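Asker: Next one to model:
(one chain, ligands or ions: 1)
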Amino acid sequence: MVNEMKKADAVIVGFGWVGAIMAKELTEAGLNVMALERGPHRGTYPDCTYPQSIDELTYNIRKKLFQDLSKSTVTIRHDALQTAVPYRQLAAFLSSTGTGGAGLHWSGVHFCVDPTELRQCSHYEERYGKNFISEGMTIQDFGVTYDELEPFFDNVKKVFGTSGTPWRYAGAQISRNLPRFGSCAAASSCGKSAPGATPQRFSIALST
Ligand SMILES: Cc1cc2nc3c(=O)[nH]c(=O)nc-3n(C[C@H](O)[C@H](O)[C@H](O)COP(=O)(O)OP(=O)(O)OC[C@H]3O[C@@H](n4cnc5c(N)ncnc54)[C@H](O)[C@@H]3O)c2cc1C
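Answerer: Numbering: from 1, shown residues only. Next up, the predicted model:
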């Protein structure tokens, strides 16, 4: 039977980090947003609270936060000559499932990109000469500079509530000071607004 749902201005497939951030941006711009998520709904409460969050059998052994690879998966090959085969055993690549996506079990580390990482080809050529990079190597600049991206990095830190002590190396402070926020990374994905944030207008339909 076909279920006819309320019309939405925008439909998002997959309610992980990217989907949740898009939903936040679009709803704040005044659109009605519908998100389709293949996995179960999980909220900050009760799913992410003690003692559920340390349930070893559910999460470590049965790996309930991840895609069930016996039902659907991706295919993988190590080079273009191999035949791609289904990925059936979870290892380093952990495909998430459920609202919040991998944002529910990430390690909580926000690395800041170094400006040279976005222009690595030019950087090495300037530093070591034109012949430093061998012919055939695919290294190239991103085509967008740190300064152009800086406002977006700044926004991401505010949305996620990134905070912490500046990174120091050999006595020198490398990263900048970050303010401490009251919100959490899951705030945008669980539908609970961060303190002071605009109330959200989005619905999630679970496709399981
Ligand atoms: C163990 C682990 C630790 C990590 N630690 C860090 C860290 O410390 N710092 C960092 O910056 N990054 C970290 N990451 C990476 C980060 O979590 C991911 O890059 C990020 O969550 C990806 O966001 P996404 O929205 O693209 O995908 P996801 O968050 O994976 O969301 C995708 C969503 O789409 C849903 N979906 C997929 N297909 C369909 C479909 N056909 N229909 C409906 N729904 C669908 C999935 O169920 C899922 O909810 C970590 C990742 C893992 C696995």
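Asker: Please, which helix or strand holds Ser122?
Answerer: In the assignment (DSSP states H and E), Ser122 maps to helix 120-128.
Asker: What are the contacting residues of that helix?
Answerer: With contacts defined as CB atoms under 8 Å, 6 or more residues apart in numbering, helix 120-128 is touched by Thr116, Phe132, Ile133, Ile139, Gln140, Asp141. Every C-beta, even on glycine, is put in place using the N, C-alpha and C of the backbone.
Asker: and what of stretch 134-145?
Answerer: Contacting residues not belonging to stretch 134-145 are listed as Pro115, Leu118, Arg119, Gln120, Cys121, Ser122, Tyr124, Ile133 [CB under 8 Å, 6+ apart].
Asker: Just the mean pLDDT for that stretch, thanks.
Answerer: Mean per-residue pLDDT for stretch 134-145: 92.
Asker: same question, stretch 64-73
Answerer: For stretch 64-73, the mean per-residue pLDDT is 93.
Asker: that older thread, just curious, which of the contacts of helix 120-128 is nearest to the ligand?
Answerer: Thr116 (19.3 Å; CB to the nearest ligand atom).
Asker: can I assume Val74 is in contact with Arg88?
Answerer: No: using CB atoms under 8 Å, Val74 is not in contact with Arg88, being 10.3 Å away.
Asker: Show me which residues of the helix holding Ser122 are buried.
Answerer: Buried residues in helix 120-128, counted by 16 or more other CB atoms under 10 Å: His123, Tyr124, Glu125.
Asker: Extract the C-alpha trace of it and format it as CSV.
Answerer: Only the C-alpha atoms of helix 120-128 are listed here, as CSV (Å, rounded to 0.1, in the frame of the first residue of the first chain):
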residue,chain,number,x,y,z
GLN,A,120,49.7,20.9,-0.8
CYS,A,121,51.0,20.7,-4.4
SER,A,122,51.9,24.5,-4.5
HIS,A,123,53.3,24.3,-0.9
TYR,A,124,55.7,21.4,-1.7
GLU,A,125,56.8,23.1,-5.0
GLU,A,126,57.5,26.4,-3.2
ARG,A,127,59.4,24.7,-0.5
TYR,A,128,61.3,22.0,-2.3
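Asker: Quick one: check the helix or strand that comes right after it for contact with the ligand.
Answerer: Tracing the chain past helix 120-128, the next element assigned as helix or strand by DSSP H and E is helix 146-160. No: using CB under 6 Å from any ligand atom, helix 146-160 stays clear of the ligand, with a minimum separation of 9.1 Å.
Asker: No further queries at this time; thank you.
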